[in-house]
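J.: Provided below are the primary sequence and the corresponding predicted coordinates.
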Protein chains: 2
Amino acid sequence: MKLYGYFRSSAAYRVRIALNLKGLDYALVAVNLVDGEQHGGDNLARNPQGLVPTLETDNGTLLAQSLAICEYLDEHHPEPPLLPADTEARARVRALAQAIACEIHPLNNLRVLEYLTGELGLDETAKHGWYRHWISEGFEALEALLADSPATGAFCHGDTPTLADACLVPQVFNARRFECDLSAYPTLRRIAAHCDTLDAFQRAAPAAQPDAS
Amino acid sequence: MKLYGYFRSSAAYRVRIALNLKGLDYALVAVNLVDGEQHGGDNLARNPQGLVPTLETDNGTLLAQSLAICEYLDEHHPEPPLLPADTEARARVRALAQAIACEIHPLNNLRVLEYLTGELGLDETAKHGWYRHWISEGFEALEALLADSPATGAFCHGDTPTLADACLVPQVFNARRFECDLSAYPTLRRIAAHCDTLDAFQRAAPAAQPDAS
């Protein structure tokens, strides 16, 4: 398999974590988002949305959207599972993942920040204010969801890593990069710190990627 | 089951479509987003993110996030399926759904538009420009994904409705409400029009809800 991504892309980071948790081999192909390679012909041919990540499977099929890719990996390589067996527990894990992937990350990715400072002419202070606002809104809700539930364990759900952890860790990484204050989210910090003790998460980290700069 | 939602919430609309496609009975409970009821104690107790929809299952479990709810319904009530059987096809349908739910809708929902005109002090013209920009970015990619694939049929994937259609129709409805020009997206218009001939989609439409105003 080949993973087209970028070391700092949160969505690519999720897929790296999933691949590593499954113990799967994959080749990394860098698409430099800062240089705009996502809008180039090569990337558009494999990903008409002009995004990363794209996973090329062993039979050459191209898969887009990080959560869809993770679900595919989970269906194709069931062990160890990224989702629990019980349907209500699966819904909880997916909802936690989507609380990040549908509520926080889309508002703070590169193309949105570029629109704020480009088309809307906002300054860096307003841009950072925007970033921190959506982190704070999203993390406050996520902290409540995790801290108040007996289903939360060493990880977001129980004591083995799931799709929710694969989304949480990259989002915490991003929040730290933008110097967001995370003191109000002890459960998120505890879980992210625990994930970061695992080899699968360490090898997926942006700094460990060949295209890190 | 009880569905806590709002007639014009795109995410609640998706779940209504899924419930109707499955032929499931449910009671609707309105949470008025314009009046701010999503931030009230009752809604926060069931949905700490302060969002809709929330599905209360027959055993009283509360489920959040529209795509997670749809996947739960599909696992609990497999017929008719919202996802195809083949894993690569499932990945395609999920990616189409997420191209809407993770790339378009999060940028254009009420709380984001309120931040633009509130905290950022943008006028209505800039707000509408923002809205149309993300519709146009997202729909252009989606049109390419659908028009260029032999897997597209009468619906987004083949000739039966899936999770992708349950996301597409509410997003097309929203785009029309904001008077976006959809002439460049003939495949999206064709599929949405076909969906709207089905009873399950008609009964899920905003205008057909008891809280429609």
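T.: That came through fine. In this text, all values refer to a predicted model and were calculated from it rather than measured experimentally.
J.: How about residue A:123: what's its closest non-neighbour residue?
T.: residue A:117 (7.5 Å; Cβ to Cβ, 6 or more residues apart in numbering or on different chains). To be clear about C-beta, it is placed using only N, CA and C from the backbone, and glycine gets the same treatment.
J.: Check residue A:66 too.
T.: Nearest to residue A:66 is residue A:11, by Cβ to Cβ, 6+ apart, at 3.9 Å.
J.: Show me what secondary structure element comes after the helix or strand containing the one you found.
T.: If you go by DSSP states H and E, residue A:11 is part of helix A:10-21. Downstream of helix A:10-21, the next assigned helix or strand under DSSP H and E is strand A:27-30.
J.: Tell me the buried residues in that next one?
T.: A:28-30 (16 or more other Cβ atoms under 10 Å in any protein chain shown).
J.: quick one: which of those is nearest residue A:147?
T.: For those, the closest approach to residue A:147 (Cβ to Cβ) belongs to residue A:28, at 35.2 Å.
J.: Tell me how far residue A:7 lies from residue A:16.
T.: 9 Å (Cβ to Cβ, to the nearest Å).
J.: List the residues that are in contact with both of those two.
T.: residue A:209 (Cβ atoms under 8 Å, 6 or more residues apart in numbering or on different chains).
J.: if you count what's nearby, which of these two comes out ahead?
T.: residue A:16 (27 against 20; other Cβ atoms under 10 Å in any protein chain shown).
J.: For the more buried one, give me its contacts.
T.: A:3, A:5, A:203-204, A:209.
J.: Mind checking which of those are buried?
T.: Members of the contacts of residue A:16 classed as buried by 16+ other Cβ under 10 Å are A:3, A:5, A:204, A:209.
J.: tell me, which of the buried residues of strand A:27-30 make contact with chain B?
T.: Near chain B, taking Cβ under 8 Å from any Cβ of the partner chain as the test, no member of the buried residues of strand A:27-30 is found.
J.: Now tabulate those residues in TSV and tack on distance to residue B:171.
T.: Output for the buried residues of strand A:27-30, formatted as TSV (distance: Cβ to Cβ, whole Å):
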residue	distance to residue B:171
A:28	33
A:29	31
A:30	32
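J.: biggest helix in chain A, by residue count?
T.: Scanning chain A for the helix with the most residues, using DSSP state H, yields helix A:124-147.
J.: packing partners for that one?
T.: Counting contacts by 3 or more Cβ pairs under 8 Å, 6 or more residues apart in numbering or on different chains; DSSP states H and E, helix A:124-147 is packed against helix A:87-101, helix A:110-117, helix A:163-177, helix A:186-195, helix B:110-117.
J.: Is it possible to get TSV of those helices that adds mean pLDDT?
T.: Listed next are the helices and strands packed on helix A:124-147 as TSV, based on pLDDT from 0 to 100:
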stretch	mean pLDDT
helix A:87-101	98
helix A:110-117	95
helix A:163-177	98
helix A:186-195	98
helix B:110-117	95
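J.: quick check: domain ranges of chain A?
T.: A:2-80, A:87-200 (automatic domain parsing).
J.: Out of these, flag the one nearest residue B:172.
T.: It's domain A:2-80; of these, that one is closest to residue B:172 (Cβ to Cβ) at 17.5 Å.
J.: residue contacts, residue A:148?
T.: Counting by Cβ under 8 Å, 6+ apart, residue A:148 has contacts residue B:48.
J.: From residue A:174, how far off is it?
T.: Counting by Cβ to Cβ, the gap from residue A:148 to residue A:174 is 24 Å.
J.: how deep is residue A:62 tucked in, by neighbour count?
T.: Neighbours of residue A:62 (other Cβ under 10 Å): 18.
J.: Residue A:186 too?
T.: 12.
J.: likewise residue A:125?
T.: 8.
J.: do the same with residue A:84
T.: Neighbours of residue A:84 using other Cβ under 10 Å come to 18.
J.: just residue A:106 next, same as before
T.: 22.
J.: Look at the nearest residue to residue A:91 once chain neighbours are set aside and give its secondary structure.
T.: Excluding the flanking residues, the one nearest residue A:91 by Cβ to Cβ, 6+ apart is residue B:72, at 4.1 Å. Recorded secondary structure, residue B:72: helix (DSSP: H, G, I helix; E, B strand; the rest coil).
J.: From residue B:19, how far out is residue B:72?
T.: 11 Å.
J.: With residue A:148 instead?
T.: 27 Å.
J.: what do you get for residue A:31?
T.: Taking Cβ to Cβ, one finds residue A:31 at 39 Å from residue B:19.
J.: The residue lying closest to residue A:8 once chain neighbours are set aside and residue A:43: what is the separation?
T.: The shortest distance from residue A:8 to any non-neighbouring residue, by Cβ to Cβ, 6+ apart, is to residue A:206 (5.0 Å). Residue A:206 is 19 Å from residue A:43, where distance means Cβ to Cβ.
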